[in-house]
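1. Sequence and predicted structure below; questions after.
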Amino acid sequence: MKAATLLLALTLVLAGCATSRYQHANDFTPVALADIHKLPEPEPKTEPRSSMGNPRSYQVFGKEYQVMDSADNYKERGIASWYGMKFHGHRTSNGEIYDVYQFTAAHKTLPLPSYVRVTRVDNGQSIIVRVNDRGPFHEGRIIDLSYAAAVKLGINKMGTAQVEVEIVKPPHAHSVRWVQVSALSDAAAARRLQESLQRSLAPMTWPVNISTQDGGTGLHKVRIGPVPEGEDLNAVIERLNQLNIRQPLLLAAHQLN
């Protein structure tokens, strides 16, 4: 019914054992939402390139795929399919959690995350989706839509449809990380560390923030970022080493909490 969409990290190592990752051996249709057509489509924006899910190339079922360096001017026609509850609640290729009721999609080679417009060829109906996963690994299919996107395009019962996929907003060329320096129970100590780090990092201008959970009663996590990976991130880590802060925790966007 639907093309199998596998998480990139899994397919690189365990492509032959995909069902072991999920609580359901087979995909199935989610519970319908009465107001699904009222759900807002994502607003396209240029995001940092995901730290996960964007290798230069990867293999699935013996076939190699090359991830695009740039998605500028991308447009393609082909078959769209959709994927459902087997994957709901599990991580997508860029580390986010797949939600069948969000307007997302899987694509084999677009850089993650990209925003694309998917238009049905037969009636011109279109939708904006955010591509955050890899797939569909099924011959002839170019994009796998979330259940919500399939419903809004009217292809959830058909299973597949001929579509045109066009880039709206590709990601930045670089990915970013947050550098977590400490997690403190004392809010005042966290603020002092935040202020000290901001002074010590000058003339670098990366923000030093405090993230606190549980209404302010949990740990106060002192983080630097977002910092582009590469020379900028290396410079931050080197400066922290000079301050005798060794092996800070490097976080991607999906790991922030």
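-> Thanks, I have the structure now.
2. Which residue, neighbours along the chain excluded, lies closest to Glu64?
-> Ser57 (5.6 Å; C-beta to C-beta, 6 or more residues apart in numbering). No exception for glycine: its C-beta is placed from N, CA and C like everyone else's.
3. next SSE after the least confident helix or strand in the chain by mean pLDDT?
-> Lowest mean confidence among the helices and strands of the chain (mean pLDDT, DSSP states H and E): helix 8-14, at a mean of 37. Sequence order places strand 57-60 as the next helix or strand after helix 8-14, per DSSP states H and E.
4. ok, what's across the strand from the residue nearest to Glu64?
-> Beta-bridge partners for Ser57, by DSSP bridges, are Gln66.
5. Report pLDDT for it.
-> At Ser57, the model reports a pLDDT of 96.
6. Please shift the residue numbers so they start at 59 in all later answers.
-> From this message on, residue numbering opens at 59, which makes the last subject Ser115.
7. just checking, it touches Val125?
-> Yes - between Ser115 and Val125 a contact is recorded at 6.8 Å, counting by C-beta atoms under 8 Å.
8. The two - which one has more neighbours?
-> Val125 (20 against 9; other C-beta atoms under 10 Å).
9. Isn't Phe145 up against Tyr156?
-> Yes - counting by C-beta under 8 Å, Phe145 does reach Tyr156; the two are 4.9 Å apart.
10. Those two - which one has more neighbours?
-> Phe145 (29 against 23).
11. Tyr116 - how many residues pack around it?
-> 20.
12. That one is in contact with Ser151, isn't it?
-> No - using C-beta under 8 Å, Tyr116 is not in contact with Ser151; the gap is 9.2 Å.
13. Let's verify the residue of the chain most remote from its centre: helix, strand, or coil?
-> For the chain, the largest distance from the centre (C-alpha atoms, centre = their mean) belongs to Ala246, which lies 34.0 Å off. Secondary structure, DSSP: H, G, I helix; E, B strand; the rest coil: Ala246 is helix.
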